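Asks: need the 3D shape of this:
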Amino acid sequence: MNVTIQVGDIGSSLGTRDLGAQVRMSIIEKINSNEKVFLDFKGVEVVTNSFADECFRKLRETVDIDVFRKKITFLNTNDFVQRVIISAL
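Replies: Numbers count the residues shown, from 1 in each chain. Down below sits the predicted model:
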């Protein structure tokens, strides 16, 4: 089963570690339910290094890399957001 998390519904600027941890826990919950997770960044203009580190770096450390690649897809990331996510990974 597939599930889409509308990251843009959280806000156009994602900046705190607390928020990053919340999103990470939601992703882990869905992966553990054997779902493929699409993270839709439509409407997100800025992701801070703190958010990306807390969410994506820690997620990568928690989840096997093959599972990460198979189960997580990033959608609608602008160039800035994409660079921040890549640097966190």
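
Asks: distance of the residue nearest to Ile10 when sequence neighbours are not counted from Val44?
Replies: Excluding its sequence neighbours, the residue lying closest to Ile10 (Cβ to Cβ, 6 or more residues apart in numbering) is Leu19, at 6.9 Å. Bear in mind the C-beta positions are built from the backbone N, C-alpha and C, glycine included. Per Cβ to Cβ, to the nearest Å, Leu19 is found 12 Å from Val44.

Asks: what values do phi and psi take at Val47?
Replies: When read as degrees, to the nearest 10, the backbone of Val47 gives phi -130, psi 130.

Asks: so it sits right up against Val81, yeah?
Replies: Yes - with contact defined as Cβ atoms under 8 Å, Val47 reaches Val81; the gap is 4.8 Å.

Asks: what residues do those two have in common as contacts?
Replies: Common contacts of Val47 and Val81 (Cβ atoms under 8 Å, 6 or more residues apart in numbering): Phe41.

Asks: mean confidence for the helix or strand harbouring Val81?
Replies: Applying DSSP states H and E as the criterion places Val81 in helix 79-88. Taken as a whole, helix 79-88 has an average pLDDT of 93.

Asks: return the set of buried residues in that helix.
Replies: Val81, Val84, Ile85, Ala88 (16 or more other Cβ atoms under 10 Å).

Asks: again, but for stretch 69-82
Replies: Lys71, Ile72, Phe74, Thr77, Val81.

Asks: contact partners of it?
Replies: Defining contact as Cβ under 8 Å, 6+ apart, one finds that stretch 69-82 is touched by 4, 8, 27, 31, 35-42, 44-47, 59, 63, 85.

Asks: also stretch 13-26?
Replies: Residues contacting stretch 13-26 (Cβ under 8 Å, 6+ apart): 5, 7, 10, 44-48, 50-56, 58-59, 62.
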